[in-house]
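no sequence on hand, only this structure:
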């Protein structure tokens with residue numbers, strides 16, 4: 001079994017319906033989930049210095065780490081997610 005990080009992209013003010021949809025998705029993938037976390041207050045460091053990241057449709061707002069056989073399996077788990085803008089899926093590797 002491999003581990004994959006699902007990055008939740010996009011923010012809009014949550015409604016009760018959005019929160020219920022997220023709760024249902026978390027429950028649906030629970031048996032495959034290793035970790036969930038929300039993100040807040042992002043900053044970006046580049047050669048040009050540091051800047052605060054906006055809390056908008058491009059913001060990384062959280063992540064879920066899931067166990068799956070393949071990236072396609074991880075994508076199937078992500079399909080029911082009520083994302084705002086997108087879900088980005090990456091395989092987690094150890095060095």
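On my side now, so go ahead. Nothing here was measured: the structure is a model prediction, and the numbers come from that model.

test my guess that residue 74 contacts residue 7.
No: using Cβ atoms under 8 Å, residue 74 is not in contact with residue 7, being 11.6 Å away. No exception for glycine: its C-beta is placed from N, CA and C like everyone else's.

for the chain, just list every one of the strands.
2-9, 33-38, 43-46, 49-52, 60-68, 86-92 (DSSP state E).

which strands border the last one, and is each parallel or antiparallel?
Within its sheet, and counting by DSSP bridges, strand 86-92 is paired with strand 2-9 (antiparallel).

re the thing from before, got a markdown table for the strands of the chain, with distance to residue 22 and mean neighbour count too?
Shown next, in a markdown table, are the strands of the chain (distance: least, Cβ to Cβ, whole Å; neighbours: other Cβ atoms under 10 Å):
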| stretch | distance to residue 22 | mean neighbour count |
| --- | --- | --- |
| strand 2-9 | 9 | 19 |
| strand 33-38 | 10 | 12 |
| strand 43-46 | 25 | 8 |
| strand 49-52 | 25 | 9 |
| strand 60-68 | 9 | 18 |
| strand 86-92 | 12 | 14 |
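
and the ones you listed: which comes nearest residue 25?
Closest to residue 25 of those, according to Cβ to Cβ: strand 60-68, at 9.1 Å.

that closest one packs against which elements?
Identification of packing neighbours for strand 60-68 by 3 or more Cβ pairs under 8 Å, 6 or more residues apart in numbering; DSSP states H and E yields strand 2-9, strand 33-38, helix 71-78.

and those as TSV, adding distance to residue 60?
Formatted as TSV, the helices and strands packed on strand 60-68 follow (distance: least, Cβ to Cβ, whole Å):
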stretch	distance to residue 60
strand 2-9	6
strand 33-38	10
helix 71-78	15
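
please name whichever of the ones you listed is nearest to residue 21.
Nearest of the helices and strands packed on strand 60-68 (Cβ to Cβ): strand 2-9, 12.6 Å.
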